[in-house]
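*Asks:* Just a sequence and a predicted model for now, questions to come.
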Amino acid sequence: MLGVRIAMPLVETTPLLQCRESHHGKASPDSVAADIRPHDPFMDREMLKQLSYQIQQAITPRVAIESLDDQPWAGFPRHQPESLLCDITGVEHLFGDEQGLIDAIQHLLAAHFDVPLHARIAIAPNLAAAWAIAHFGQYDAQSTDEPTAAIASFPIESLRLARETTMTLHRLGVERVDQLLRLPRGGLATRLGKPLVRRISQAIGEIDEPLVADLAPDELAFSHELEYPTRDLPILLDRMEGLLRQAKAGLSKRKLGVLRLLCHLDFSKPPSQQIEIGLFAPSQDVKHLGSLVAMRFENLSLRHDVTRLSLSVALTGPLRSVQASLLSDGPVDSHTLGGTAVSRFVDKLSGRLGRDAVLRVKLNADPLPEHAHLTLPMTGQPVHSRRGSRSRRGSTRANVASKKPSGHSSGSQSRHRMPSPQDAMRRPLTILDPPQPIAPVIPQTSTQVPESFRLRGRETQVVGYWGPERIETRWWSGPAVRRDYYRVETDGGTWWWIYRDITSGDQPQWFLHGQFT
């Protein structure tokens with residue numbers, strides 16, 4: 001819609017948002033302030049799953065999250081599901097016709113979320129054609145009974161092909177689906193593989209594509225209608241404790257604990273109010289959960305009497321097993337049901353300061369040092385989203401040969417050896433955000449490290465260096481960033497991490513990005 005992509009620098013998003021404001025007008029009621037958050041693929045999938053459950057209840061029982069191939073499809077660098085697939089066989093008449101079904105889905109997306117969701121909707125006889133129309137069709141909502149004709153003018157990327165396959169087809173001059181359909185499939189299978197032929201057969205309806213629906217679990221939702229509406233806090237907390245005990249009974253059967261609770265309050269006069277409570281570790285401890293609810297209720301300003309209390313478990317996780325005492329035959333203690341003292345401390349801290357004020361650091365598989373980590377809330381997250389990835393998907397490479405510019409002191413050879421991944425000096429302790437520009441004292445056009453730099457008016461001599469180490473972004477992730485990093489020792493005994501911006505042209509631009517000491 002706006003052209004904003006994941007990992008795009010905020011500086012580049014500003015012109016897009018300004019363009020949107022100028023289009024709508026500053027006083028337009030349709031203008032919505034930008035909500036900028038770190039990308040969390042696990043939460044994206046969780047929200048997609050929750051949306052699929054709502055569609056199962058309101059539209060059709062067979063809803064699945066799209067399945068992905070081992071490698072990203074051509075034209076879709078984000079390797080994560082973004083579409084829901086629905087089998088609407090036998091449900092159209094419940095909404096009048098297909099247009100009524102589309103209207104019902106759009107109303108669901110607009111009414112059940114804090115911010116109305118925008119979706120592209122397509123109805124077709126087969127899954128592959130519907131996917132292609134939804135992603136490449138002319139309209140936001142479209143229906144067809146002739147899938148072959150509907151997708152004929154689409155680019156071949158609409159068939160969910162591998163990147164290497166589309167590159168080969170483009171070299172052969174095949175750009176559109178109709179051009180591909182005119183080619184003999186026997187030759188395509190021999191030269192480009194059977195997956196291409198399978199995608200063609202799926203798109204024109206010759207073979208079926210399985211739809212594996214992810215059925216929604218039984219909802220853990222409970223409510224209590226107050227006989228006498230009240231805003232008395234002890235009474236409200238007592239009724240909430242009863243709802244928590246009901247939730248615990250349901251969780252115990254599944255051997256799960258709460259990670260996120262939703263408390264809904266209906267008042268004698270609208271509007272109602274909803275409270276979200278997140279936990280760091282799965283818990284069934286009613287006492288601990290009740291203290292978190294009480295903490296949030298104490299900060300509420302109840303202008304009207306509460307008529308109804310509702311509690312739902314929005315996110316769960318497996319309980320952590322705790323070794324019981326060998327000699328103890330007593331009941332299970334609260335730590336077994338509610339995690340460690342650390343997790344309880346995090347829960348209470350988030351309750352006091354707010355969920356977005358207590359954050360954790362997560363490694364991010366991005367080659368740029370300034371994007372190497374993300375900060376995410378510690379509470380209310382799926383357990384698997386906290387597991388760090390050990391793989392390093394990056395565009396980093398370094399030359400093994402050491403280099404010394406002329407005029408530099410020789411120093412120790414160990415300063416210029418290739419650092420190992422375990423070397424503590426491979427990356428600096430401090431990263432500057434943003435990187436600070438440094439200017440060579442003597443302007444130059446060569447790519448060698450200058451003998452001296454000027455930073456904030458102060459001249460610094462370089463006595464030795466190691467490098468370069470090339471770090472660059474992936475070509476599909478946006479404007480190219482290409483840098484040559486060097487680890488340099490200054491005449492003051494400090495170690496700097498500097499880089500040369502390769503995209504700066506004939507006049508090299510140097511930046512200080514980190515300090516080792």
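*Replies:* On my side now, so go ahead.
*Asks:* For the rest of this, base every contact and every neighbour count on C-alpha atoms.
*Replies:* Noted.
*Asks:* longest helix anywhere in this protein?
*Replies:* In the chain, with assignment by DSSP state H, the single longest helix is helix 233-254.
*Asks:* and the next helix or strand after it, what other elements does it pack with?
*Replies:* Proceeding N to C from helix 233-254, the next assigned helix or strand is strand 256-267, under DSSP states H and E. Other helices and strands packing on strand 256-267, by 3 or more Cα pairs under 8 Å, 6 or more residues apart in numbering; DSSP states H and E, are strand 273-283, strand 306-318.
*Asks:* Relative to strand 256-267, what are the paired strands and their orientations?
*Replies:* Using DSSP bridges, strand 256-267 pairs in its sheet with strand 273-283 (antiparallel), strand 306-318 (antiparallel).
*Asks:* Dump it to PDB, keeping only the CA atoms.
*Replies:* This file holds the C-alpha atoms of strand 256-267, laid out as PDB (Å, rounded to 0.1, in the frame of the first residue of the first chain):
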ATOM      1  CA  LEU A 256      -0.400 -26.000  29.200                       C
ATOM      2  CA  GLY A 257       0.200 -22.700  30.900                       C
ATOM      3  CA  VAL A 258      -1.000 -19.100  30.200                       C
ATOM      4  CA  LEU A 259       1.300 -16.800  28.200                       C
ATOM      5  CA  ARG A 260      -1.300 -14.100  27.400                       C
ATOM      6  CA  LEU A 261      -4.600 -13.300  29.100                       C
ATOM      7  CA  LEU A 262      -7.400 -11.000  27.800                       C
ATOM      8  CA  CYS A 263      -9.700  -9.500  30.400                       C
ATOM      9  CA  HIS A 264     -12.900  -7.800  29.100                       C
ATOM     10  CA  LEU A 265     -15.100  -5.500  31.100                       C
ATOM     11  CA  ASP A 266     -18.600  -4.500  30.100                       C
ATOM     12  CA  PHE A 267     -20.000  -1.400  31.800                       C
END
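*Asks:* between that strand and helix 233-254, what angle do the directions make?
*Replies:* Per axes from the mean of the first three to the mean of the last three Cα atoms, to 10 degrees, the angle that strand 256-267 makes with helix 233-254 is 150 degrees.
*Asks:* how far is strand 256-267 from where the chain is centred?
*Replies:* Put simply, strand 256-267 sits 24 Å off its chain's centre (Cα atoms, centre = their mean, to the nearest Å).
*Asks:* tell me the mean pLDDT for it?
*Replies:* For strand 256-267, mean pLDDT is 93.
*Asks:* Just the buried positions in that strand, please.
*Replies:* For strand 256-267, burial by neighbour count (16 or more other Cα atoms under 10 Å) applies to 256-267.
*Asks:* Repeat that for stretch 433-449.
*Replies:* Within stretch 433-449, the residues that qualify as buried are 437-440, 449, counting by 16+ other Cα under 10 Å.
*Asks:* Could you dump these into JSON lines with pLDDT added?
*Replies:* Output for the buried residues of stretch 433-449, formatted as JSON lines (pLDDT from 0 to 100):
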{"residue": "437", "pLDDT": "92"}
{"residue": "438", "pLDDT": "92"}
{"residue": "439", "pLDDT": "89"}
{"residue": "440", "pLDDT": "89"}
{"residue": "449", "pLDDT": "88"}
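*Asks:* Tell me the one of those nearest residue 463?
*Replies:* For those, the residue nearest residue 463 by Cα to Cα is residue 449; the value is 10.6 Å.
*Asks:* Show me what stretch 235-243 is in contact with.
*Replies:* For stretch 235-243, the external contacting residues (Cα atoms under 8 Å, 6 or more residues apart in numbering) are 222-224, 230, 286, 290, 293-294, 309-311.
*Asks:* Just the buried subset of those residues, please.
*Replies:* Buried, going by 16+ other Cα under 10 Å: 222-223, 230, 286, 290, 293-294, 309-311, out of those.
*Asks:* Which two among the residues you listed are spaced furthest apart?
*Replies:* Using Cα to Cα, the pair of the buried ones among the contacts of stretch 235-243 lying farthest apart is 230 and 286, separated by 23.1 Å.
*Asks:* Distance to residue 246 added to the buried residues of strand 256-267, as TSV?
*Replies:* Listed next are the buried residues of strand 256-267 as TSV, based on distance: Cα to Cα, whole Å:
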residue	distance to residue 246
256	14
257	13
258	13
259	16
260	16
261	13
262	14
263	14
264	16
265	18
266	20
267	23
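*Asks:* Tell me which stretches of the stretch 101-250 of the chain form helices.
*Replies:* Counting by DSSP state H, counting those that start in this stretch, the stretch 101-250 of the chain has these helices, from start to end: 127-136, 147-151, 163-171, 177-181, 185-192, 194-203, 233-254.
*Asks:* can you pull the buried residues of the longest one?
*Replies:* Same thing as helix 233-254. Here helix 233-254 shows 236-237, 239-248, 250-251 as buried, counting by 16+ other Cα under 10 Å.
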